[in-house]
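Novice: Any chance you could fold what I've pasted below:
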Amino acid sequence: MKITISANINAPVAKVWNAWTTPEDICQWNAASDDWHTTESEIDLKVGGRFRSRMEAKDGSAGFDFGGSFTVVEPGARLDYLMDDNRCVTVLFEADGERTQVTETFDAENVHPPEMQRDGWQSILNNFARHVEGKSA
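Specialist: Model (predicted):
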């Protein structure tokens, strides 16, 4: 089962792409709720390159690594990656003047209900949009 989420971000595609692919930015937006955060992020932005983010509960009660390798890298337009658990993800960046539509499609996992996965990923994408829109040019 594939799940698709999206956000329309009030920023040009170059700014959106940079925030999506820069480790320092990823650490600022990559969390589904205020009680979680990303403490580390690494990215080798090329086909075959790996990425990894460390996500942890702020109270230290839990944490996990989220990682994989890139299968498609089209700067400013598309990123595809294969997560370490073999699920596929596609992220599209569509410019519309000074706005950018970001659409993510990912394979659902079998542990959590699809609605929970959709809500979690959408929450992270919404955090991303707020981060980008709040950054100075």
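Novice: for this structure, longest helix please?
Specialist: Using DSSP state H to define each element, the chain has its longest helix at helix 114-134.
Novice: Could I get the contacting residues of the closest residue to Thr39 other than its chain neighbours?
Specialist: Once flanking residues are discounted, Thr39 sits nearest to Arg54: 4.9 Å by CB to CB, 6 or more residues apart in numbering. Every residue, glycine included, has its C-beta placed from N, CA and C. Contacts were defined as CB atoms under 8 Å, 6 or more residues apart in numbering; by that measure Arg54 touches 38-41, 63-66.
Novice: how about the nearest residue to Ala62, chain neighbours excluded?
Specialist: On the basis of CB to CB, 6+ apart, the spatially nearest residue to Ala62 that is not a chain neighbour turns out to be Glu56, at 7.0 Å.
Novice: can you give me the angle the one helix or strand the one you found maps to makes with helix 114-134?
Specialist: Under the assignment given by DSSP states H and E, the secondary-structure element containing Glu56 is strand 50-57. Strand 50-57 and helix 114-134 are oriented at 100 degrees to each other (axes from the mean of the first three to the mean of the last three CA atoms, to 10 degrees).
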